[in-house]
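Colleague: just need the structure, nothing else, for what follows:
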Amino acid sequence: MKTTLTTYDIANALINDEFAGWSRAGAFALAEYLEEYEESTGEELELDVIAIRSEFTEFEDVHDWADCHFSDEQLDELTEEDTSKAERWVTFTNYIEERGTLIFFDGGIIVSQF
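Modeller: I've put the predicted structure just below:
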């Protein structure tokens, strides 16, 4: 027996996970991503908010993500010293997309662990 969930149901379950801290916009973006993943792969997913919380994290932007994952020295190694903020954005975006999943939404990003 199974229950089919709507985007709203999935987002609501994510928002209600008190240990995750999803924004409303982030929860809906992630719910839509999971639904699209299911449709594109044909793989039926089971909603497990703990696994999702462990797999994905929400950030304000890619610069916020980079600050959380790299030391200043590592950031300098990834980018040139005189690199503009826009160029660093491209570098960080490419870095994430080459290794995991990056979901953009109005208000932030969601990144899979890798």
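Colleague: residue 7 against residue 33, yeah?
Modeller: No. Contact criterion C-beta atoms under 8 Å: residue 7 and residue 33 do not qualify, at 10.3 Å. Every residue, glycine included, has its C-beta placed from N, CA and C.
Colleague: so for the two, which sits in the more crowded spot?
Modeller: Counted by other C-beta atoms under 10 Å, residue 7 and residue 33 do not tie: residue 33 has more neighbours, with 17 against 13.
Colleague: now the more buried one: how far from residue 74?
Modeller: When distance is defined by C-beta to C-beta, to the nearest Å, residue 33 is 28 Å away from residue 74.
Colleague: how about the helix or strand of the chain with the lowest mean pLDDT as PDB, C-alpha atoms only?
Modeller: In the chain, the helix or strand scored least confidently by mean pLDDT, DSSP states H and E is helix 72-78, which has a mean of 81. Provided in PDB are the C-alpha atoms of helix 72-78 (Å, rounded to 0.1, in the frame of the first residue of the first chain):
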ATOM      1  CA  ASP A  72      40.400  31.000   3.000                       C
ATOM      2  CA  GLU A  73      43.500  29.200   1.700                       C
ATOM      3  CA  GLN A  74      41.500  26.600  -0.200                       C
ATOM      4  CA  LEU A  75      39.300  29.400  -1.700                       C
ATOM      5  CA  ASP A  76      42.400  31.100  -2.900                       C
ATOM      6  CA  GLU A  77      43.600  27.900  -4.500                       C
ATOM      7  CA  LEU A  78      40.200  27.500  -6.300                       C
END
